[in-house]
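[1] Below are the sequence and a predicted model for it; my questions follow.
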Amino acid sequence: MGIIRGDVLGSEEETRKLLRIRENVEGRIGRLEEEIGDLRKAIAEIDRAIVRQGFRQPIPQSARAQPTLDEEERDERISIKSKDGTTLGILKVDETEIVFEPLDSYDFTTTLPPFQSFLIDRVLSNMRATDEGKAARGESSADDVLSFQVSTEGERITGVIIRNYGGERRLREIQSSLRWAFDKMHEKLQR
């Protein structure tokens, strides 16, 4: 009987040790998950700073003196440039909308490649389809689906409006795609 009782006590002690180890591991996991959340927030802040500092068009002194909107309502203006440094247009960004306005001095048209084939069909339409799929599966709201509109005068593009673009990652992807597409269009116009 003494041997059986010793095995039971030994088994109980090992179980207590395992429970303490498990509790310590769970505590560590919780702390690491919290740290990962903080790191993700830091990355988002860094991304916002990169977009603001790396691509923001300077605001003229005269515009600074004028009354401004509340911080949340103010647009961020980003100059979109070609590879050779030529300004192609201005991107205005707020929390839910991106507006790209090409400079009037260029005759960018909807028929000039790769506007339709790349920017509209491959990039924006695919983003919209992805969002529609998420909304259909209940992963997001139908109100969060990306939408876009191309403003034209005849075939000449006067603006591209993108609503519900998502977040910083999508903003960078759209910005890069706009830059690439309009740079290629600019090259074609220069020939």
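    Yep, it's here.
[2] For the chain, name the helix or strand with the lowest mean pLDDT.
    Lowest on mean pLDDT, DSSP states H and E among the helices and strands of the chain sits helix 61-65, with a mean of 40.
[3] Next secondary structure element downstream of it?
    Moving toward the C-terminus from helix 61-65, the next helix or strand (DSSP states H and E) is strand 76-81.
[4] which residues touch stretch 96-108?
    When contacts are defined by CB atoms under 8 Å, 6 or more residues apart in numbering, stretch 96-108 is touched by residues 80, 87-93, 115, 156-165, 171, 174-175, 178, 182, 185-186, 189. The C-beta positions use only the backbone N, C-alpha and C, and glycine is treated the same way.
[5] Please state the offset of that stretch from the chain centre?
    Mean-position distance between stretch 96-108 and its chain equals 19 Å (CA atoms, centre = their mean, to the nearest Å).
[6] Need the distance between the two termini of it.
    25 Å (CA to CA, to the nearest Å).
[7] which parts of that stretch are buried?
    By 16 or more other CB atoms under 10 Å, the buried positions in stretch 96-108 come out as 98-102, 106, 108.
[8] Mark which of those residues are part of strands, please.
    Judged by DSSP state E, strands contain the following of the buried residues of stretch 96-108: 98-102.
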